[in-house]
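Participant: Sharing a model that was predicted from the sequence below.
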Amino acid sequence: MSVNLSCEPCIHRQNYTIRAIVHGTSDDEFWKKLAASASQSAIDMRVNLNIQLYPPEGYSEKKMATDIRNAAASNNGDGRVDALVVTIPSLAVENAVRYAAQQGMPIFGLNSGYEAAGGVKGLVGDGSILFFTAMNERLGGEKAAEYFLQKFAASASFGEENHQELDDEKSQGEAEACEISGSASGTTLFNNTSSSQFQFMVDCKQNITLIEFIESLQSEFLRNDHGNNNATTAIENPPAIKSVIQRTSNLYENYTNAVFITPLGEENTAYDQRFEGYQRQLIEASNNTNSLSIINVEWYKLDISSKESMERGLSDIFSKCPHQSVLVGSGKLAPEIDNALRSYGCHLVDTPTMLGTFDTSSAIFDAIAANTMEFAIDQHNHMQGWAPVHFAALYVSTGLVVSSPPGDGVYLSGPELFTQRGSSSITDSLRICTNDAFPICPNRKGPDGL
């Protein structure tokens, strides 16, 4: 038996052209770095890549949808496009993508459009898109809210000086609960089938967060205290657990206002999903812990068309420092919002305003290091830029398609939450890679390695 090995598809990749149509603009650092990563991927795979970011003020969902349809029409004519790489920031763009797929255009996706692409009826599930990588946007909003809640519980409600004492009480309470339950490996203390999200599992071998411990205990013991008979296991409140509950009966009483900020005029389904996750998690937390009031979560769209309009907007939001948490939906706004919070003294009020953002940059990492920003949620734009171009090049030259992951069919690139401390802390290497857009050494060797 003879085996014929050939690198012919690789040799002729320069005959293929991939067109990238994304909603980013040429003045946005996030998109410039993503485009650099996509270009490097094209160099590595030896294909032609046509990626042009929209000029400032030049993007609209109507124009993007038209560009996608026109690219599909050129599939069999002059200026041939062999594959498309797209983002899906709106329903109009989603419809254009479906149209292009129906014309036989191979399509690969990234970034915005997680919910449009995922699932059995999504663009990946029905075969309209062959590969998609993105962050779970809604989960990103939830993670932001969870961080703010944890931080508020540790500092605003109890005071930093009492945090260690509370942690000690938590540990003692867990030990007593485990002892009462008669299990060293973990047992369900309550089983309220009508509200499964409040079920609480005590595991003596694993750590749980302070917020999980307090919220679960409060919700269940409060039901017991009010004569709710749904709990199948009735136990007497251990003394240490009672102490925690007494000190947290209104855990978020002073957590009253939160805001989500995005640029005015930038309509994007990713923003919708981020806000929904952020809002839902905050409201559920204030409900679940018997707070006297529900956290008010608003969405402010900041006019950044001029310096004057931005300053007016920031004054409207922050002049009286009404918010306990601020989540920035677009990283390009984060430095200005950080400066505004400090200029209005929002870090000096009785309950200092907490600030977090989506996306990363050198300025954002500097703010986190200076303790003026709590976290940055990264969706790894270098991966989002590199991967779809790589797999598009593989497909047009060989016909091979990478298998979709189980579940929603989307390759997740985030969210990852970067803080000053913790497992995802900001290292010197991360700073260098972020500054340089995660370069990959150009591969200029021929297929024979020379």
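Facilitator: The structure has been received and is ready for your questions. Residues are numbered from 1 along each chain as shown.
Participant: so where's the stretch 301-450 of the chain shaky on pLDDT?
Facilitator: 422-424, 436-450 (pLDDT under 70).
Participant: Name the nearest residue to Val401, ignoring sequence neighbours.
Facilitator: With Cβ to Cβ, 6 or more residues apart in numbering as the criterion, Val401 has its nearest non-adjacent residue at 5.2 Å, and that residue is Leu130. From N, CA and C alone the C-beta is placed, and that goes for glycine too.
Participant: mind listing what the residue nearest to Asn287 when sequence neighbours are not counted touches?
Facilitator: Take Asn287 and drop its neighbours on the chain: the residue closest to it by Cβ to Cβ, 6+ apart is Ile294, 6.8 Å away. Contact criterion Cβ atoms under 8 Å, 6 or more residues apart in numbering gives 283, 286-287 as the residues in contact with Ile294.
Participant: hang on, Val297 in a helix?
Facilitator: No: remark: Val297 does not belong to a helix; assigned using DSSP: H, G, I helix; E, B strand; the rest coil, it is strand.
Participant: Quick check, it in contact with Val259.
Facilitator: Yes: between Val297 and Val259 there is a contact at 7.4 Å, judged by Cβ atoms under 8 Å.
Participant: In terms of helices and strands, where is the residue nearest the centre of the chain?
Facilitator: Among the residues of the chain, Gly140 comes closest to the average C-alpha position under Cα atoms, centre = their mean, at 3.1 Å. Using DSSP states H and E, Gly140 falls within helix 137-151.
Participant: chain center to that helix, what's the gap?
Facilitator: Its chain's average C-alpha position is 9 Å from that of helix 137-151, according to Cα atoms, centre = their mean, to the nearest Å.
Participant: what residues does it touch?
Facilitator: The set of residues external to helix 137-151 that reach it, using Cβ under 8 Å, 6+ apart, is 114-115, 209-211, 252, 255, 258, 260, 269-270, 273-282, 285, 324-325, 327, 354, 356, 358, 374-375, 377, 379, 414-415, 417, 419.
Participant: just to revisit the earlier point, quick check: chain neighbours aside, which residue is closest to the residue nearest to the centre of the chain?
Facilitator: The shortest distance from Gly140 to any non-neighbouring residue, by Cβ to Cβ, 6+ apart, is to Pro415 (3.8 Å).
Participant: Distance check, the one you found against Leu123.
Facilitator: Computed as Cβ to Cβ, to the nearest Å, the Pro415 to Leu123 distance reads 21 Å.
Participant: higher neighbour count, the two?
Facilitator: Between Pro415 and Leu123, counted using other Cβ atoms under 10 Å, Leu123 has the larger neighbour count: 25 against 22.
Participant: Could you pull up the contacting residues of the nearest residue to the more buried one once chain neighbours are set aside?
Facilitator: Spatial nearest neighbour of Leu123, chain neighbours left out: Ile129 (4.2 Å); criterion: Cβ to Cβ, 6+ apart. The neighbourhood of Ile129, defined by Cβ under 8 Å, 6+ apart, consists of 97, 101, 107-109, 117, 123.
Participant: Packing partners of the helix or strand harbouring Ala116?
Facilitator: Here Ala116 sits within helix 114-117, counting by DSSP H and E. Other helices and strands packing on helix 114-117, by 3 or more Cβ pairs under 8 Å, 6 or more residues apart in numbering; DSSP states H and E, are strand 131-135, helix 137-151, helix 269-288.
Participant: hmm, who's touching it?
Facilitator: Residues from elsewhere that reach helix 114-117 (Cβ under 8 Å, 6+ apart): 88, 94, 109, 122-124, 129, 132, 134-138, 269-270, 273, 408-410.
Participant: Could I get the buried residue list for that helix?
Facilitator: 114-117 (16 or more other Cβ atoms under 10 Å).
Participant: which of those lies closest to Glu311?
Facilitator: Checking the buried residues of helix 114-117 against Glu311 with Cβ to Cβ, the nearest one is Tyr114 at 33.6 Å.
Participant: Give the bridge partners for the residue nearest to the closest one when sequence neighbours are not counted, please.
Facilitator: In this structure, Tyr114 finds its nearest non-sequential neighbour in Ala134, 4.3 Å apart by Cβ to Cβ, 6+ apart. With DSSP bridges as the criterion, the beta-bridge partners of Ala134 are Leu412.
Participant: Okay, Ala134 and Gly109: tell me how far apart.
Facilitator: Here the distance between Ala134 and Gly109 works out to 8 Å (Cβ to Cβ).
Participant: One more: Ile51?
Facilitator: Noted for Ile51: a distance of 14 Å to Gly109, by Cβ to Cβ.
Participant: what about the helices in the stretch 1-150 of the chain?
Facilitator: For the stretch 1-150 of the chain, helices defined by DSSP state H, counting those that start in this stretch occupy the ranges 8-11, 29-45, 61-73, 91-102, 114-117, 137-151.
Participant: Lowest mean pLDDT across those, which one is that?
Facilitator: Within the helices of the stretch 1-150 of the chain, the least confident segment by mean pLDDT turns out to be helix 8-11, at a mean of 59.
Participant: do you know how far the closest residue to Gly58 other than its chain neighbours is from Thr256?
Facilitator: Counting by Cβ to Cβ, 6+ apart, the nearest residue to Gly58 once its immediate chain neighbours are dropped is Thr25, at 7.0 Å. Thr25 is 36 Å from Thr256, where distance means Cβ to Cβ.
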